[in-house]
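Q: What follows is a predicted protein model with its sequence.
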Amino acid sequence: MMIHNTQSHRPSWTTRKHLIIGLVLLAASVSLYINVSQYINTVAFSQFATHHEDDIKALASDGDIDQEEERVFEEERKQEAVAADHVADATPDVQLQHRHAFLESPDLSITKTTDTDTKPPIPENGDKPLLKAIDFIIAEKEEAMQNCSIRFYMYDHPNITQEVSITEIKKKYWKAHFKEALNDESIFTVLKKSPLRTMNPDEADVFVPAIPFSRITNSKELNRFSLALDTLEKDEIFRKHYGHKHVLIGTLFLLFRLDVEISVLHDLNKRIATSFTNVTLAQSWDTNAVAKALRDGYDFNEYTQPFKKMYSKALTHSCISLGLAAQVSSTIVPLPEYVNVPSKNFFPERLLEEDALPLRIASMEKWQNSSNFIFYQSRPGTYVHNSTIYRHAPITNVTMSNLPNSKIGFGINSRHEWAKEYIDSKFCLNIRGDSPHSHTNIRSIRVGCIPVIVADSLPVYSSIMKSVLNMSDYAIFLDEKKFVENPEKEMLSLLELSETEIEAKLKHLAFAQRVILMDHPNSLFVPAFLDNAISAFNSVDLSEETYA
């Protein structure tokens, strides 16, 4: 992870930090037999151990690692060498498929308000070196974001912000996509209130034209797209930067897709690709990562052919993935009055609050006290791209009596009961559907339930806030093919996780909640969003062919 500091750059406490990171990768290798997608971590650790063997021995002599632990680590290192050989012998496609699991941890550049070089304390955690190391790394990331010095400027021209009530709402679209539309409005709301916002564009590192793409798409007033983009394109600030360092936000799944047949959205795509190629799109998925993976020969399984039509070329040179939204409670992030809700005769306003699952902080205590082993609910209908067999497998191909108490089925009629059972669960299945990502991922994160992901390509397709988070830290991945062949066996494999492995996932999950959720009491959403923006700017490949 790199928390970017545009004001000062100094190396952080590298030796100690890299040593701790090495211990994390070393101890984490115990779980390789559970998730083959962690193989690339094994390769990374083998390289680390070779370069830092003397440091590990030195730390052991200081008493941080006793001789027995050192012996265990040495044995695990031998096992990793074997695993690394398996990866080296794998086909290029397999190696590419697992590459996303590797978590790079370069030095952080942190702005300090004092001249002293202080280090974040390592929380005490008994005699468990893995958990102590995780606490250390998370504390470092938290400090980096809390000291974030990235400043951003939001455009306030009324033609751009469209801060007016759009009365002509499309009922069909609103029912299907209100989560994303209101999520985008919540993003604008927290950005406006952030202390990292500057009213002086000359001080800004990031520029946010708050065009409400999702809200306009849900309306009949689609001419508002042109009004907003025309105004932005003519703006002196935009022209000065040629569109660079600008982020357009639109997490509605209908937006910025080459396969959309709605004429106005098709025209919008052409406009973005023609005049706004240099901007960064903040979407629910990472178009640029998918386009690059397709060029590199990545196998998206049944999604490969449709993705070649949708994402073979990106609209712009860079992208940020924010995930497919789960509704944020408007009592926590109040929406402005101009974000009107359709009339109650077809969409009761109270449903907005009922759909907003309450936040439950991930912890070992919450996990242990949860009654349900696994939570999973799906609709009995069909899904495209052959995803029906995956979605229905845990319902139709499992003997429920063989599982610990779980809530698995084709829906729970009561919304209140659905939320209650969701919250009261240890693991939550997130299974691929019409796309690799789904609302269930962020819902699981929201309620502090460890996501169990059955979507091999999700880390490529939608790696949420990837400059700060690695999905494999807080989630468990089950192989698609193995899951559909024997879902019961794959779900029962979760019982083999050790207490330390569970606690490690929960620590990362609690941190992910702060990064992803805007209504977390200690939310880090804004600095994480800005860090991802800077990372996207820095990753631009101008030779990459775009849609235009």
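A: Perfect, I can see it now. Numbers count the residues shown, from 1 in each chain.
Q: what secondary structure does the nearest residue to T388 once chain neighbours are set aside sit in?
A: Of all residues not flanking T388 in the chain, T382 sits nearest, at 4.8 Å (C-beta to C-beta, 6 or more residues apart in numbering). C-beta here means a position set from N, CA and C on the backbone, and glycine is covered the same way. At T382 the chain is in coil, as set by DSSP: H, G, I helix; E, B strand; the rest coil.
Q: so T382 touches H392, yeah?
A: No: under the criterion of C-beta atoms under 8 Å, T382 lies out of contact with H392, with a separation of 9.3 Å.
Q: between these two, which one's more packed in?
A: When neighbours are counted by other C-beta atoms under 10 Å, T382 and H392 differ, and H392 comes out ahead with 20 against 11.
Q: Which of the helices or strands spans the more buried one?
A: Secondary structure assignment for H392, by DSSP states H and E: helix 388-396.
Q: so what strands line up beside the next helix or strand after that helix?
A: With elements assigned by DSSP H and E, the helix or strand that comes after helix 388-396 is strand 407-409. Taking DSSP bridges as the criterion, strand 407-409 forms sheet pairs with strand 372-377 (parallel).
Q: pLDDT averaged over the strand it pairs with - what is it?
A: Per-residue pLDDT over strand 372-377 has a mean of 98.
Q: Convert it to CSV, retaining C-alpha atoms only.
A: Taking Å, rounded to 0.1, in the frame of the first residue of the first chain, the C-alpha atoms of strand 372-377 are listed here in CSV:
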residue,chain,number,x,y,z
ASN,A,372,-25.2,-18.9,12.0
PHE,A,373,-22.2,-20.7,10.5
ILE,A,374,-23.0,-19.5,6.9
PHE,A,375,-25.5,-17.0,5.6
TYR,A,376,-26.6,-17.1,1.9
GLN,A,377,-29.8,-16.1,0.2
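Q: quick one: it to helix 388-396, angle?
A: For strand 372-377 and helix 388-396, the angle between their directions (axes from the mean of the first three to the mean of the last three C-alpha atoms, to 10 degrees) works out to 140 degrees.
Q: and Y155, what does it touch?
A: 161, 207-210, 232, 235, 237 (C-beta atoms under 8 Å, 6 or more residues apart in numbering).
Q: Just the ones of the residues you listed in helices?
A: Those of the contacts of Y155 mapping onto helices are 161, 232, 237, per DSSP state H.
Q: neighbour-wise, which of those leads?
A: Compared across the ones in helices among the contacts of Y155, L232 has the highest neighbour count, 24 neighbours, by other C-beta under 10 Å.
Q: can you tell me how far it sits from K179?
A: Between L232 and K179 the computed distance is 26 Å (C-beta to C-beta, to the nearest Å).
Q: contacting residues around the residue lying closest to A228 once chain neighbours are set aside?
A: Taking C-beta to C-beta, 6+ apart, and ignoring the residues beside it in sequence, A228 has I211 as its nearest neighbour in space, at 4.5 Å. Contacts for I211 (C-beta under 8 Å, 6+ apart) come out as 160-162, 225, 228-229, 232, 248-250.
Q: Closest to P527 out of the residues you listed?
A: Proximity of these to P527 (C-beta to C-beta) peaks at I249, which lies at 16.2 Å.
Q: count of residues packed around the closest residue to the closest one other than its chain neighbours?
A: Closest residue to I249 apart from its sequence neighbours, by C-beta to C-beta, 6+ apart: A282 at 4.5 Å. By other C-beta under 10 Å, the residues close to A282 number 21.
Q: what lines up beside the strand or helix carrying A282 in the sheet?
A: Here A282, judged by DSSP H and E, is contained in strand 280-283. Strand 280-283 pairs in its sheet with strand 247-249 (parallel), strand 318-321 (parallel), by DSSP bridges.
Q: Can you name the next helix or strand after that strand?
A: Toward the C-terminus from strand 280-283 - assigned by DSSP H and E - lies helix 287-295.
Q: Output the contacting helices and strands for that following helix.
A: Packed against helix 287-295, as judged by 3 or more C-beta pairs under 8 Å, 6 or more residues apart in numbering; DSSP states H and E, are the following elements: helix 304-311, strand 318-321, helix 458-461.
Q: can you pull the buried residues of the longest one?
A: Going back to what we said before, that points to helix 304-311. Along helix 304-311, these residues count as buried under the neighbour rule (16 or more other C-beta atoms under 10 Å): 307, 310-311.
Q: what's it in contact with?
A: Residues outside helix 304-311 that contact it (C-beta under 8 Å, 6+ apart) are 257-259, 287, 290-291, 294, 300, 384-385.
Q: Pick the one among those residues closest to Q377.
A: Within the set of those, V384 lies nearest Q377; the separation is 19.6 Å, counting by C-beta to C-beta.
Q: Can you check the pLDDT for the closest one?
A: For V384, the predicted pLDDT is 94.
Q: Contacts only, for the residue nearest to it when sequence neighbours are not counted.
A: Spatial nearest neighbour of V384, excluding adjacent residues (C-beta to C-beta, 6+ apart): D434 at 5.2 Å. Counting by C-beta under 8 Å, 6+ apart, D434 makes contact with 383-385, 387.
Q: Can you tell me which of the residues you listed are buried?
A: 383, 385, 387.
Q: State the distance from the last one to A181.
A: Using C-beta to C-beta, S387 is found at 24 Å from A181.
Q: what do you get for the first one?
A: If you measure Y383 against A181 using C-beta to C-beta, the figure is 23 Å.
Q: So the residue nearest to V384: helix, strand or coil?
A: Here D434 is recorded as coil under three-state DSSP.
Q: Okay, it and P394: tell me how far apart.
A: Applying C-beta to C-beta to D434 and P394 gives a distance of 18 Å.
Q: show me where pLDDT drops low in the stretch 51-200 of the chain?
A: Scanning the stretch 51-200 of the chain with the threshold set as pLDDT under 70 gives 51-127, 165-168, 171, 174.
Q: Kindly check the end-to-end length of stretch 492-505 for me.
A: Start and end residues of stretch 492-505 are separated by 18 Å (C-alpha to C-alpha, to the nearest Å).
Q: And the contacts of that stretch?
A: Around stretch 492-505, the neighbours that count as contacts under C-beta under 8 Å, 6+ apart are 28, 30-31, 34, 128, 130-131, 134, 364, 367, 373-374, 402-404, 427, 450, 452, 473-476, 478.
Q: Quick check: bridge partners of Y376?
A: For Y376, the beta-bridge partners are I408 (DSSP bridges).
Q: a markdown table please, covering the helices and strands packed on helix 287-295 and showing distance to K220 and mean pLDDT.
A: Written out in a markdown table, the entries for the helices and strands packed on helix 287-295 read as follows (distance: least, C-beta to C-beta, whole Å; pLDDT from 0 to 100):
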| stretch | distance to K220 | mean pLDDT |
| --- | --- | --- |
| helix 304-311 | 26 | 89 |
| strand 318-321 | 28 | 96 |
| helix 458-461 | 31 | 97 |
